[in-house]
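Student: Sequence plus the predicted model coming up.
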Amino acid sequence: MSRSSGDGLRVVRPGPTFRGKQGHLYSPAISAEAVGSKALHMQLLRIPPGEVGRAHKHEGHETAIYILSGEAGTWYGDDLAFHQTARAGDFVYIAAGVPHRPYNMRDDAEVIAVIARTDPNEQESVVLLPALDRSRTVAEPAGAA
């Protein structure tokens, strides 16, 4: 998965894909486990066509996302009252502790993104919010909130 020259620099290939607590597909790369990172995790995210993630938040950790391809929608806020869309070329910032529920807006193409988070262990800060999974559906128009 990685090559090290022993001087503090590592070249890392994405690890095996897994389905995270949030419901999407992840390929980890930079993490405490992979390179000994102390405060950063970075990975690839894939959201298959039409897939909807589970409502969740990252307790105590910020998230930055760069959309490589596709178009994602995200309901967010305490009651998932707000909605944003992001497409290839967009950056997304999610503050620590903000509930959100991302989904792929298209039925014919996957979303591929690079995610960086201030949690070096990736899944440890994920807090699922099952009550919010029923509060919004992706069929609601972006202005419905």
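Tutor: That came through, no problem. Numbering: from 1, shown residues only.
Student: And stretch 45-52, end to end?
Tutor: With C-alpha to C-alpha, to the nearest Å as the measure, the ends of stretch 45-52 fall 13 Å from one another.
Student: Revised request: answer the last question for stretch 30-42.
Tutor: Across its full length, stretch 30-42 reaches 5 Å end to end, with C-alpha to C-alpha as the criterion.
Student: So which bits of it are buried?
Tutor: Applying a neighbour-count criterion of 16 or more other C-beta atoms under 10 Å, one finds 30, 31, 32, 34, 35, 37, 41, 42 buried in stretch 30-42. All C-beta spots, glycine's among them, are computed from the backbone N, C-alpha and C.
Student: Please list the members of those that lie in strands.
Tutor: In this view, the buried residues of stretch 30-42 that belong to strands under DSSP state E are 30, 41, 42.
Student: quick one: which of these is nearest residue 134?
Tutor: Top of the list for closeness to residue 134, among those and by C-beta to C-beta, is residue 41 at 29.0 Å.
Student: isn't the closest one right up against residue 33?
Tutor: No. Using C-beta atoms under 8 Å, residue 41 makes no contact with residue 33, being 9.4 Å away.
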